[in-house]
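Novice: have a look at this prediction, sequence included:
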Amino acid sequence: MPQSLFSRMTVPLTALLTAGALMGVAASASAEDWRGWNVHPDGYPNSLALKSFADEVSDKTQGRVNPRVYNNAVLGDQPDAIDQTRSGALDFGNFNMGPMGPIVPETDVLSLPFLFDSVDQMYRVMDGDIGKRFADALADKDLIALSWFGSGARSFYDTDHPIEEPDDVKGLKLRVMNNDLYVQMVDALGGNATPMSYGEVFQSLKTGVIDGAENNFPSFESSNHYEVAKYFSETDHLIIPECLCIAKTSWDALSDEDKSIVRTAAENAATEQRKLWAEQVEKSREIVEKAGVKVNQVKDKSAFQARMEPIYQAFIKEHPDLESLIDDIRNTQ
C-alpha cells in the first residue's frame, strides 16, 4: 500500500479513536457530577458547611466526584428533594428530620417535644449508637446518612407577653410547622396551633392573624419576625437534627477509597456546621436584643414536659416498637 494512502486512512482512524476516548471520559465525568439540595441561602452555616463538603470531596477524589450544592431550595421543596434523592435523581442533600416521618417512621421520634435536654445532648445521641439506628432506618429507604447537622433549639416568640410557664401559652394563636405532633404540643399548653406556610408568618404577625410562632434565633432574626414579635421565650421545646444524606445509588457507585473520602468530608462538614451554627445563634440573639426584643430563658421546663406526657402516651400506643428508642434517647447523658 502506498505510504500516502496509508497516511490518509490512518489519520482519520486515529482521530476517530481519540474522539471516542474523549467522549468516554466526558461521559464518565458527567456521571460523577453530583447535584446537592439545600434549603438555606448563601452564607448560612449549613450552606458554608456544604460548600466545604463539596470542595473537599472534589479535591480529595481528584475530580472523580464533583459535588455541586444548589441553595435556596431551587431544586424543589424538601419532600420533593427527599424523593428525588431516594430515586437517585439528586445525589445528596441536607435534610431536616421533621418532615422525614412519612418516609421513615422512626424519625418521628425526633419531633417529640422536649425529647432532648439540650443541643449538646442531641449531638451525643446522634453521634453514637442511637444515631446509627436512625441511619440504618434511612438506609432502608435508600438514603445514606453520613453525618448529622444541628438546627438549634426552637422556642416560642409572640407579640403579647413573655412565656414563663405553660399557662402563659393559653389562648395564644401560634404558628407551627405542618406536623400533627407540633399541633398537639401547642394544644396541650392551651394555645391555638395554626399550621401555615413560613412565608406567611411575618404578615400574619403584623396583622394579628397569629400572636406568635416558634423557631430558633437565626430564623427569628433572618426572617425579620423580631420586628413584630418582641417577646422571645427560650423554651427549647424542639431540638431536631438534620442529616447530610447521600443517595444510595450514588453511594454504591463509589469505590471503597472514595466512600472513605466522602464520609470523612461529611463528618468534617458537620463539625464546621455545628461551630458556625453556635456562632450564628449568638450573633442573631445579639441583633434581636439590640432591636428591643425581650428574651427570657425558661429555666424549669418540668411543668412544660409534664403537659407533654399524653402526647408521648398516644405516640407510644400508636408506635409501641419505638418506646425503647425514646427511653434510650432520654437516658443518654
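Specialist: Happy to help now that I have it.

Novice: any low-confidence regions in the stretch 151-300 of the chain?
Specialist: Low-confidence segments of the stretch 151-300 of the chain (pLDDT under 70): none present.

Novice: find the nearest non-adjacent residue to Asp236, please.
Specialist: Ala153 (3.9 Å; C-beta to C-beta, 6 or more residues apart in numbering). In short, each C-beta sits where N, CA and C put it, glycine included.

Novice: can you show me the strands along this structure?
Specialist: 33-37, 66-70, 92-96, 143-149, 154-158, 173-176, 192-195, 212-215, 231-238, 242-247, 294-297 (DSSP state E).

Novice: from Asn38, how far off is Trp277?
Specialist: For Trp277, the distance to Asn38 equals 14 Å [C-beta to C-beta, to the nearest Å].

Novice: so for those two, which residue has more residues nearby?
Specialist: Comparing Trp277 with Asn38 by neighbour count (other C-beta atoms under 10 Å), the higher total belongs to Asn38, at 24 against 20.

Novice: contacts only, for that one.
Specialist: Shown in contact with Asn38 (C-beta atoms under 8 Å, 6 or more residues apart in numbering): Asn46, Ser47, Leu50, Val69, Tyr70, Asn71, Asn72, Ala73, Gly93, Asn94.

Novice: need the buried ones from those residues selected in ChimeraX.
Specialist: Remark: buried members of those, expressed as a ChimeraX selection using 16 or more other C-beta atoms under 10 Å:
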select :46,47,50,69,70,71,93,94
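
Novice: in JSON lines: the contacts of Asn38, plus pLDDT.
Specialist: Formatted as JSON lines, those follow (pLDDT from 0 to 100):
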{"residue": "Asn46", "pLDDT": "95"}
{"residue": "Ser47", "pLDDT": "95"}
{"residue": "Leu50", "pLDDT": "98"}
{"residue": "Val69", "pLDDT": "98"}
{"residue": "Tyr70", "pLDDT": "97"}
{"residue": "Asn71", "pLDDT": "95"}
{"residue": "Asn72", "pLDDT": "90"}
{"residue": "Ala73", "pLDDT": "91"}
{"residue": "Gly93", "pLDDT": "98"}
{"residue": "Asn94", "pLDDT": "97"}
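
Novice: want to throw the contacts of Asn38 into a markdown table with distance to His161?
Specialist: Shown next, in a markdown table, are these (distance: C-beta to C-beta, whole Å):
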| residue | distance to His161 |
| --- | --- |
| Asn46 | 33 |
| Ser47 | 35 |
| Leu50 | 39 |
| Val69 | 41 |
| Tyr70 | 41 |
| Asn71 | 37 |
| Asn72 | 35 |
| Ala73 | 34 |
| Gly93 | 39 |
| Asn94 | 36 |
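
Novice: what is the nearest of the contacts of Asn38 to Leu189?
Specialist: Asn46 (29.5 Å; C-beta to C-beta).

Novice: who's the residue most central in space within the chain bridged to?
Specialist: Nearest residue to the geometric centre of the chain (C-alpha atoms, centre = their mean): Asn96, 2.9 Å. As for beta bridges, Asn96 partners with Glu242 under DSSP bridges.

Novice: just the pLDDT at it, thanks.
Specialist: Note for Asn96: predicted pLDDT of 92.

Novice: isn't it up against Ser151?
Specialist: Yes. With contact defined as C-beta atoms under 8 Å, Asn96 reaches Ser151; the gap is 6.1 Å.

Novice: list the residues that contact both of the two?
Specialist: The contact sets of Asn96 and Ser151 overlap at Ile240, Glu242 (C-beta under 8 Å, 6+ apart).

Novice: longest helix anywhere in this structure?
Specialist: Looking across the chain with DSSP state H, the single longest helix is helix 256-290.

Novice: the helices in the stretch 1-150 of the chain, which residues?
Specialist: 3-31, 45-60, 78-87, 119-127, 129-139 (DSSP state H, counting those that start in this stretch).

Novice: give me the residues contacting the last one.
Specialist: For helix 129-139, the external contacting residues (C-beta under 8 Å, 6+ apart) are 97, 100, 104, 106-107, 110, 125-126, 144-145, 148, 243, 245, 248, 325, 328-329, 332.

Novice: check the shortest one too.
Specialist: The contact list for helix 119-127 (C-beta under 8 Å, 6+ apart) reads 116, 131, 134, 148, 150, 152-153, 239, 241, 274, 329, 332-333.

Novice: and what of stretch 301-318?
Specialist: For stretch 301-318, contacts defined as C-beta under 8 Å, 6+ apart pick out 108, 112-114, 165-166, 181, 184-185, 188-189, 235-237, 298, 322-323, 326.

Novice: outline the domain layout of this protein.
Specialist: 33-150+241-282, 154-239+291-330 (automatic domain parsing).

Novice: how far does the longest one sit from the chain's center?
Specialist: In this case it means domain 33-150+241-282. A distance of 7 Å separates the centroid of the chain from that of domain 33-150+241-282, by C-alpha atoms, centre = their mean, to the nearest Å.

Novice: before we move on, what about the shortest one?
Specialist: Taking C-alpha atoms, centre = their mean, one finds domain 154-239+291-330 lying 19 Å from the centre of the chain it belongs to.

Novice: quick one: end-to-end distance for that domain.
Specialist: With C-alpha to C-alpha, to the nearest Å as the measure, domain 154-239+291-330 spans 18 Å from end to end.
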